[in-house]
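*Asks:* this is a predicted model, with the sequence first.
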Amino acid sequence: MVEVCASCEINNIETGLDTIDACDTLLINGGQYQVENIVIKKSMTLIGKNNPTLVSKSGDEILTLLADHITIKGITFKDVTTSYINERSAIRVKRKKHFLIEDNTIINCFFGIYLEHAKKGFVNGNTILGNATSEAESGNAIHAWYCEKIEINNNEIKGHRDGIYFEFVNESIVQNNHSELNTRYGLHFMFSNDDVYLDNKFINNGVGVAVMFSRRIQMFRNLFHHNWGRSSYGLLLKEIYDAELVNNHFEENTIGIFVEGSNRVNYKRNTFKKNGWAIKFSGGCETNEITENNFLYNTMDLVVSTQLNDNRIYHNYWSEYTGYDLDYDDLGDIPHFPVKLFSYIVNDVPESIVLMRSLFVDIINFSEKVSPVFTPKDVADNTPSMVIFENKADDYK
């Protein structure tokens, strides 16, 4: 092991890297180090002691990893500036594998951690804080492009364009991260298959979480909270196939889930509470199942723009259900029709939303319920639950 500090024989990081052998450890002691882009080309461990800070001297990238089996741990990185030409980052992994980036702090950097053609690595327990004010001038906290078998766990992310960004990333896990106050998405991924997202918190981001053009996605026990605004949503699903959404919690989002062109998706044991729209279906959605979910005090529980075809809705709990259970089997004896007439009016004339709590809206919804003419007869829960389902994501409250 070689140590770097102001009073040590080796007092700069570049000399320390030249000194150590492959698979050795470089220990950086506390203090502030002004550095240019440091390129690591050998397998090694870089560890910080007493919170050393690496500050980009020119605003360029700080660390570039060009070898397998590298560990970066316990270091603070600062002041990578915005570029409209290069995606500068505090730490970049380029075409390498078996890396560990753990327990670091990244402050005021254009991109935080950038994974490019990387495989079989871990990004764990980092704090990544930005000060983004617009999408154009900010990068992503954790950015992965053409990666495989990556694990991103227990990171605290705030103030970037996207908290976590995946593009062409397969067989990876995103777990127990807290992504908040990002200008665009808490999580944004496209063209990525066989990934798992669980136990994450996505709170108060610009327009929620976007999942697009991907297959075999599993999303379990995530919290989507207060993604609120004119076009905001907790979760966007666009052209998603063969996915599982289980035990997620959607609360106080403009739209809990907006779905477009997504097939064979199972929505089970999720809770939708106090959203504007709980689930809003656009066209091209087939062979989906919506079962054992809790729809609690949403302005509109379900909105559909087209026929739901062979989609199934059953055994859900609806706070607006006014039916009865005479045989005490915990299932309602009459169907529940969750689509309101007023939802069609709002869809055609968005400005009419100002009438939402008026007596006029109550009258037209009641009239349609008594004598349905416009609302779809095939969009119904024929066996609504009389009891609320347990939802593990409630533990986040």
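*Replies:* Yes, it's here.
*Asks:* so what pLDDT did the closest residue to residue 40 other than its chain neighbours get?
*Replies:* Excluding the flanking residues, the one nearest residue 40 by CB to CB, 6 or more residues apart in numbering is residue 65, at 5.3 Å. C-beta: built from backbone N, CA, C; applies to glycine. Reading off the per-residue confidence, residue 65 sits at a pLDDT of 98.
*Asks:* ok, residue 65 to residue 117 distance?
*Replies:* 12 Å (CB to CB, to the nearest Å).
*Asks:* what do you get for residue 37?
*Replies:* From residue 37 across to residue 117, the span is 19 Å (CB to CB).
*Asks:* next: residue 287.
*Replies:* With the distance defined as CB to CB, residue 287 ends up 35 Å from residue 117.
*Asks:* for residue 45, same thing?
*Replies:* According to CB to CB, residue 45 and residue 117 sit 22 Å apart.
*Asks:* one more: residue 158?
*Replies:* Here the criterion is CB to CB. By it, residue 158 lies 27 Å from residue 117.
*Asks:* who has more neighbours, these two?
*Replies:* Neighbours around residue 158 and residue 117, counted as other CB atoms under 10 Å, are more numerous at residue 158. The numbers are 20 against 15.
*Asks:* and that one, bridged to which residues?
*Replies:* residue 129, residue 180 (DSSP bridges).
*Asks:* and the pLDDT at it?
*Replies:* Turning to residue 158, the model gives it a pLDDT of 97.
*Asks:* quick check: it touching residue 130?
*Replies:* Yes - shown here, residue 158 and residue 130 form a contact pair, counting by CB atoms under 8 Å, at 6.9 Å.
*Asks:* which residues do those two both contact?
*Replies:* Counting by CB atoms under 8 Å, 6 or more residues apart in numbering, the residues touching both residue 158 and residue 130 are residue 141.
*Asks:* tell me the contacts of residue 188?
*Replies:* Residue 188 sits next to 140, 162, 164-166, 209-210 when contact means CB under 8 Å, 6+ apart.
*Asks:* ok, it to residue 197 distance?
*Replies:* Distance check for residue 188 against residue 197: by CB to CB, it reads 12 Å.
*Asks:* can you tell me which two in the contacts of residue 188 are farthest apart?
*Replies:* 140 and 209 (13.5 Å; CB to CB).
*Asks:* which residues in the stretch 251-397 of the chain form helices?
*Replies:* Listed from the start of the chain, the stretch 251-397 of the chain has helices (DSSP state H, counting those that start in this stretch) covering 341-348, 359-370.
*Asks:* returning to what we had before: closest one of the contacts of residue 188 to residue 385?
*Replies:* Nearest to residue 385, judged by CB to CB, of the contacts of residue 188 is residue 209 at 26.8 Å.
*Asks:* wait, what's in contact with the closest one?
*Replies:* Residue 209 sits next to 185-188, 202, 224, 227, 233-236 when contact means CB under 8 Å, 6+ apart.
*Asks:* the residue positioned nearest the centre of the chain pairs with what?
*Replies:* With distances taken as CA atoms, centre = their mean, residue 187 lies nearest the centre of the chain, 3.0 Å away. Here residue 187 shows beta-bridge partners residue 164, assigned using DSSP bridges.
*Asks:* separation between it and residue 379?
*Replies:* Going from residue 187 to residue 379 by CB to CB gives 29 Å.
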